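**Q** Here is a sequence together with a model predicted from it:
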Amino acid sequence: MNASILAVAFSLCLPLLSGKQNHPNVLLICVDDLRPELKCFGVDYVQSPNIDKLADQGRPFHRHYVQAPTCGASRYTLLTGTCGPTSNGALFSRANKLKYPSFPGFFRKHGYVTVSVGKVSHHPGGRGGRDWDDDAKHEMPESWDRHLLPTGPWKHPRGAMHGLANGEIRGNAREMDVYQTFDGPDTAYPDGLITEEALRQLDKLGDQAARKPFFLAVGLIRPHLPFGAPLQYVKPYLKADLPPTPHPLKPSGTTTWHVSTEFMKYNLWKRNPNVDADFALEVRRHYAGCVTYADALVGRILAKLEQLKLRDDTIVLLWGDHGWHLGEHAIWGKHALFEESLRSPLVISYKGIPKPGEASYSVVETLDVFPTVCDLAGLDKPDFLQGQSLIPILNNPKAQGHPAIAYRGDAQTIRTSTHRLIVHRGGELELYDHTTPQGETKNLADVQPEKAAELLRQLKARLEK
């Protein structure tokens, strides 16, 4: 194929921009602890009209998997395009020995104005120190022109991270409600202030959009614990009957099951959802209310983008940093290597996307986001990226994906379109067949040793890269 034909073929992969600028803007919306608990991902009882609309305008990836079931390590992958440490301090570790530019840093080097608002890296506002507000300790150096976290009555980013209504800051979690409703405005909780700052930043960026493209990342904290949200978003669920939780029993044998420490320390009421069905139902209802609250804030951000007439020049991504168990496998939280911890929503939308609204069920991973946005923005991808561009699936939702890997400190996993293999540090294996009703409740490693060996080879090959 000659060079001119190649150029034409590649041009068909790029968004159809309105021509106001050479490179499109990027709006990245990160939502903390968001499992695919959305109507557009098949959960009918959840009200998520704004994210549903975004999915209708783009490509929802129903089988997107993160690299790690914890905030810091998962965001490391998104923001660097590489695998890395497994702890929440992963990005701070990188900050001490920078080798390659970050995702926003790469776009900044190519002329973009880069701004983060809220929880984009692990610490809201992107700083370290006791209260996460030390301007001498940046989580992502050389990345942002502005990295912002309005704290209001929560006083500092650490207070906002686990804040409840009207400035309540977590001290001892055992003295704090695990869920809460408050009959007040969006700004009664920290995400309301984050959203208002995001709208202000869009106004500023819109003024200069004709001169320089922007990379704006907005990080919403809900539905992270504690599950507090304004009453108007929780009210639809307060008396709702929810479907039963699938496979709610603690697994036997060697697994990555854990005691849900992050959740259980919020023990003001001294109740355990694994043995208290009424409490479990209330927790699930309030999680759903927090999802609807986050959805409303996403809607305000997208409406501002439309109001400023920037939508046609902007690639919009919505990404959940990992999943969250709501009682599956008797877990309330993330941190496991089961499906519920690792599967999260990903939506990519831009003007001219083929077959908008048609979902992809191909397996993809967070590593793929950075190279994909480079392609969509017309920038040459850096060589250090470890993921694959999703352009083929954006062009054709039925295009093939690829296996997804993930890890925590003591185990690693690979997910194909049909199976999951988990390998423990001691050599124990878990093999699950997702084509069967048992899913991740029946370990088949001993009965299907050849399949386990095949996936183990694939996992080792990926990790060696």
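**A** Yep, it's here. Residues are numbered from 1 along each chain as shown.

**Q** Please list the residues outside stretch 166-177 that contact it.
**A** Contacts to stretch 166-177, defined as CB atoms under 8 Å, 6 or more residues apart in numbering, come from residues 152-155, 158-159, 161-164, 182, 184, 188, 226, 228, 265-269. C-betas here are computed from N, CA, C, even on glycine.

**Q** Of those, keep whichever come out buried.
**A** By neighbour count, with 16 or more other CB atoms under 10 Å, the contacts of stretch 166-177 hold 152-154, 158-159, 161-164, 182, 188, 226, 228, 266 as buried.

**Q** For the residues you listed, give me TSV that also has secondary structure, distance to residue 383 and pLDDT.
**A** Shown next, in TSV, are those (DSSP: H, G, I helix; E, B strand; the rest coil; distance: CB to CB, whole Å; pLDDT from 0 to 100):
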residue	secondary structure	distance to residue 383	pLDDT
152	helix	43	98
153	helix	46	98
154	helix	41	98
158	helix	37	98
159	helix	41	98
161	helix	35	98
162	coil	39	97
163	coil	41	98
164	strand	45	98
182	strand	49	98
188	helix	47	98
226	coil	43	98
228	strand	44	98
266	coil	45	96
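
**Q** From the residues you listed, pick the one nearest residue 121.
**A** residue 161 (12.1 Å; CB to CB).

**Q** Not counting its neighbours along the chain, what's nearest the closest one?
**A** Nearest in space to residue 161, with sequence neighbours left out and distances taken as CB to CB, 6 or more residues apart in numbering, is residue 124 at 5.6 Å.

**Q** what separates the one you found from residue 118, distance-wise?
**A** Going from residue 124 to residue 118 by CB to CB, to the nearest Å gives 6 Å.

**Q** what do you get for residue 140?
**A** To residue 118, residue 140 is 14 Å away according to CB to CB.

**Q** Beyond the longest helix along the chain, next helix or strand please.
**A** Counting by DSSP state H, the longest helix found in the chain is helix 277-307. Going down the chain from helix 277-307, the next helix or strand is strand 314-320, by DSSP states H and E.

**Q** what distance separates that following strand from the middle of the whole chain?
**A** 10 Å (CA atoms, centre = their mean, to the nearest Å).

**Q** Please name the strands paired to that strand in the sheet, noting orientation.
**A** strand 25-31 (parallel), strand 346-349 (antiparallel) (DSSP bridges).

**Q** Looking at those, which is nearest to residue 240?
**A** Residue 240 sits nearest to strand 25-31 of all the strands paired with strand 314-320, at 21.5 Å, using CB to CB.

**Q** quick one: contacts of stretch 395-408?
**A** If you take CB under 8 Å, 6+ apart as the criterion, stretch 395-408 is touched by 12-13, 59, 63, 65-70, 73, 83, 86, 256, 335, 337, 342, 354-355, 358-360, 362-365, 388, 392-393, 412-417, 458-459, 462-463.

**Q** Next, the buried residues of that stretch.
**A** 397, 401-408.

**Q** And for stretch 137-155?
**A** Buried residues in stretch 137-155, counted by 16+ other CB under 10 Å: 138-140, 143-144, 147-154.

**Q** same question, stretch 94-112
**A** 94-95, 101-108, 110, 112.

**Q** Kindly report the same for stretch 454-465.
**A** Going by neighbour count (16+ other CB under 10 Å), the buried part of stretch 454-465 is 455-456, 458-459, 462.

**Q** cool, and stretch 210-230?
**A** Within stretch 210-230, the residues that count as buried by 16+ other CB under 10 Å are 213-230.

**Q** Same check on stretch 438-453?
**A** So, applying 16+ other CB under 10 Å, buried residues of stretch 438-453: 439-441, 443-445, 451-452.
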